[in-house]
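In: Fold the following.
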Amino acid sequence: MWESEKLYLDGDDFYAALLVEMESAKRSIDMEVYAFESGVLAGRLCESFRRARLRGVWVRVIFDHWGSQEIEDGLYQRLVESGVKVSIHRGLPWRLLTTSKAGPSCSALTWTRQFFQKIKRLNRGFHRKVTIIDGESAWVSSLNVTDVHLREVYGAAAWNDVGVRLTGNEVGVLSVAFKRAFGERVPFEMRKVPSTLVLLNDTPFFRGRMNRNIRQRIQRATSRVWIQNPYFLPPRRLFRALCHAARCGRDVRILIPRNSDHWFVRWMSLAMMELLLQSGVRVLEYQGSFCHKKILIVDGEMFLGSVNFNHRSFLHDLEVEVVLTHDSSKTQVERAFRKDEGNSVELTLSRLRNLPVWLRLASRMLFFLRYWC
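Out: You can find the predicted model right below:
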């Protein structure tokens, strides 16, 4: 059980609280995100990083270059000049000179070797969103460093998201995962530390365990399986588990956004909706701004983190999920789910079959590309 949990259902509140705690950091700030983009939020974080470095705090940041294509060279340089140690995961090959550890003056042999290493890693994204302060608290969420999470910038169009601040012994599991991702040597005995509250997939062993854990929990559900996720294109075995749970009388609900940042994802997912609905699964489309929450509720257990219900998360990308253990947090999550459900329109078989013929055909054609999404 976590020593403490504090849930945030708003990007403004989440980052405001995180920045306050960063200002009091004494030893270290370790941040890992998928996207790190220029804007109001990035500016505030960079300034906080600079002040932390002046206090002697060790600051390290990991972000995925594919997810951070809009990062400006000036922002990257600002991080480096502030004394932040930056690790760019899956650096884009055509921008290798700005992401190479050896720098632009490296030898042709080193440049070539790093180029082909990056080509090899292109299909393995870094999708975790975790910030660890002093090794004592972990901020786990589905929020990136981008202004789309701030109502003060985007108003009503800001993304609907969720995050949690955690303290307890198992924060150490997240710290070890960060060190491994940053390239730091970790004793072998620390890599295999079992955790009941943290699900990771940064090794083949942990990936298989996380995938089985999620699927088996759904298979063993006795009353309900509620999923809120922005990208719903589950692998075949997970899809079958959801259909089976619904046919066995479980309350299976899938809450997905009507408005997506990637329009084709919704079109792809429409191709599998008929089988879900025929099995008894309820599918609800959230009508507000883009809902980016990744929440799984199975009976009385609740999980949140970075995992999308798609092939990328289950087969390729580095992800994290945490189990909520406090009743107050679970109550907040369920209340928020029901609130979003109230702002949704249920997709029925009649509505699905009344969609334009061209859209239904397009969705079936795009569905064959789901592996890459």
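
In: for stretch 291-302, the distance to its chain's centre please.
Out: 13 Å (Cα atoms, centre = their mean, to the nearest Å).

In: Leaving out chain neighbours, which residue sits closest to residue 34?
Out: residue 67 (4.0 Å; Cβ to Cβ, 6 or more residues apart in numbering). Just so you know, the C-beta spots here come from the backbone N, C-alpha and C atoms, and that holds for glycine as well.

In: likewise residue 174?
Out: Using Cβ to Cβ, 6+ apart, the nearest residue to residue 174 is residue 138, at 4.9 Å.

In: Tell me if the one you found really is in a strand.
Out: Yes: secondary structure assignment places residue 138 in a strand (DSSP: H, G, I helix; E, B strand; the rest coil).

In: so what's it bridging to?
Out: Note on residue 138: beta-bridge partners residue 132, residue 166, judged by DSSP bridges.

In: do you know how far it is from residue 128?
Out: For residue 138, the distance to residue 128 (Cβ to Cβ, to the nearest Å) stands at 11 Å.

In: What ranges does the stretch 51-200 of the chain have for its strands?
Out: 58-64, 85-89, 130-133, 137-141, 163-167, 198-200 (DSSP state E, counting those that start in this stretch).

In: Any idea which of those gets closest to residue 239?
Out: strand 198-200 (19.6 Å; Cβ to Cβ).

In: what's in contact with that closest one?
Out: Contact partners of strand 198-200, identified using Cβ atoms under 8 Å, 6 or more residues apart in numbering, comprise 170, 173-174, 177, 206, 209-210, 213-214, 303, 305, 318-323.

In: Mind checking which of those residues land in strands?
Out: Under the assignment DSSP state E, these contribute 303, 305, 320, 321, 322, 323 to strands.

In: Please convert these to CSV, extending it with distance to residue 73, neighbour count and pLDDT.
Out: Shown next, in CSV, are the ones in strands among the contacts of strand 198-200 (distance: Cβ to Cβ, whole Å; neighbours: other Cβ atoms under 10 Å; pLDDT from 0 to 100):
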residue, distance to residue 73, neighbour count, pLDDT
303, 37, 20, 97
305, 31, 26, 97
320, 29, 25, 97
321, 34, 22, 97
322, 34, 26, 97
323, 40, 19, 97
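
In: can those go into a markdown table with extra columns for distance to residue 155?
Out: A markdown table is the format used below for the ones in strands among the contacts of strand 198-200 (distance: Cβ to Cβ, whole Å):
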| residue | distance to residue 155 |
| --- | --- |
| 303 | 30 |
| 305 | 27 |
| 320 | 30 |
| 321 | 30 |
| 322 | 30 |
| 323 | 34 |
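
In: Does the residue nearest to residue 174 touch residue 163 like I think?
Out: No: counting by Cβ atoms under 8 Å, residue 138 does not reach residue 163; the two are 10.5 Å apart.

In: Least confident of the strands of the stretch 51-200 of the chain, on average?
Out: Among the strands of the stretch 51-200 of the chain, strand 85-89 has the lowest mean pLDDT, at a mean of 89.

In: helices or strands up against it?
Out: Applying 3 or more Cβ pairs under 8 Å, 6 or more residues apart in numbering; DSSP states H and E, one finds that strand 85-89 makes contact with strand 58-64, helix 73-81, helix 171-182.

In: to the chain's geometric centre, what's the distance from it?
Out: Centroid separation between strand 85-89 and its chain, computed with Cα atoms, centre = their mean, is 18 Å.

In: Which positions in it come out as buried?
Out: Within strand 85-89, the residues scored as buried using 16 or more other Cβ atoms under 10 Å are 86, 87, 88, 89.

In: I'd like to know the beta-bridge partner residues of the second one.
Out: When bridges are assigned using DSSP bridges, the partners listed for residue 87 are residue 62.
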